[in-house]
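coordinates for the following, if possible.
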Amino acid sequence: METSLRLRGADNTTGQQLGLRIHAKQKLPLAYNALLQAHAEIDTATRKPSLLAVLARHFFPQLSANVGAGVQLERGNIFRYTLRGKKAVSFTDDGLLGLNIKGRLLADKNFKPRRKSGAIELAWTILDFRKGQDVRIKAGYELYRKMPYFQLRENNWTLNGYMDGKWDVRFDM
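Numbers count the residues shown, from 1 in each chain. So this is what the prediction gives:
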């Protein structure tokens, strides 16, 4: 099981509060290139689940792509269907520099689309930046929000920043 602590930063424009969440993810193999992925998240401020999700994912290694479909329950009472896909295009033989194209659709219980997201990002992985330290840098653009963002990942730590002032930090335990 993969567990992480996630801290979401305040946004001055909407007045969102800082919030620490405990997130757990378990992947169970279903078949060759397919798995079932379960997520659970607890908001430490409310001490209640903020996300419960199950997603079936299929990988296409020859295409550097994957797709997924599943269901999720947000904040204990909002049911959603989810579809997602991702395609990677490598610029180098070792795959350390490339472009990711990804999208996600959340629909309500009547299959009416409620939230769409799509992004294109340039990703650069630097192995052994320093001894025992791997770094990944991403610069991306969220298509529906029309929002540039960045991600800096160092071993277990991840920092995400958005041009509207939002940010979050994740520590993978």
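
ok, Q37 touching G68?
Yes. Counting by Cβ atoms under 8 Å, G68 is a contact partner of Q37 at 7.5 Å. In short, each C-beta sits where N, CA and C put it, glycine included.

do you know how far the residue of the chain positioned farthest from its centre is from Q151?
Ranked by distance from the centre of the chain (Cα atoms, centre = their mean), the top residue is K131, with 27.2 Å. K131 is 23 Å from Q151, where distance means Cβ to Cβ, to the nearest Å.

follow-up on the earlier one: against N156, how distant is the residue farthest from the centre of the chain?
16 Å.

Y81 now?
Per Cβ to Cβ, Y81 is found 32 Å from N156.

so which of these two has more stuff around it?
Set Y81 next to N156 and count neighbours by other Cβ atoms under 10 Å: Y81 wins out with 18 against 10.

shared neighbours, Q37 and G68?
The contact sets of Q37 and G68 overlap at 55-57 (Cβ atoms under 8 Å, 6 or more residues apart in numbering).

from those residues, which would you call buried?
Taking 16 or more other Cβ atoms under 10 Å as the criterion, what is buried in the shared contacts of Q37 and G68 is 55, 57.

quick one: which of the shared contacts of Q37 and G68 is nearest T125?
Nearest to T125 among those: R57, at 21.4 Å, using Cβ to Cβ.

for that closest one, give its distance to L97.
25 Å.

related to what we said a few turns ago, so which of the shared contacts of Q37 and G68 comes closest to R114?
Checking the shared contacts of Q37 and G68 against R114 by Cβ to Cβ gives L55 as the nearest, at 16.7 Å.

tally of neighbours for D172?
Neighbours of D172 (other Cβ under 10 Å): 15.

so what's it bridging to?
When assigned by DSSP bridges, D172 has beta-bridge partners S4.

ok, it - contacts?
Applying Cβ under 8 Å, 6+ apart, the residues near D172 are 2-4, 156-158.

what does A24 give?
A24 makes contact with 1-4, 39-41, according to Cβ under 8 Å, 6+ apart.

was I right to think L122 contacts P148?
No. L122 is beyond contact range of P148, at 11.3 Å (criterion: Cβ under 8 Å).

overlap in contacts of the two?
139-140.

before we move on, the earlier item: dump the contacts of A24 into JSON lines; add pLDDT as well.
Converted to JSON lines, these look like this (pLDDT from 0 to 100):
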{"residue": "M1", "pLDDT": "93"}
{"residue": "E2", "pLDDT": "95"}
{"residue": "T3", "pLDDT": "96"}
{"residue": "S4", "pLDDT": "97"}
{"residue": "H39", "pLDDT": "95"}
{"residue": "A40", "pLDDT": "96"}
{"residue": "E41", "pLDDT": "94"}
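
alright, that wraps it up for me.
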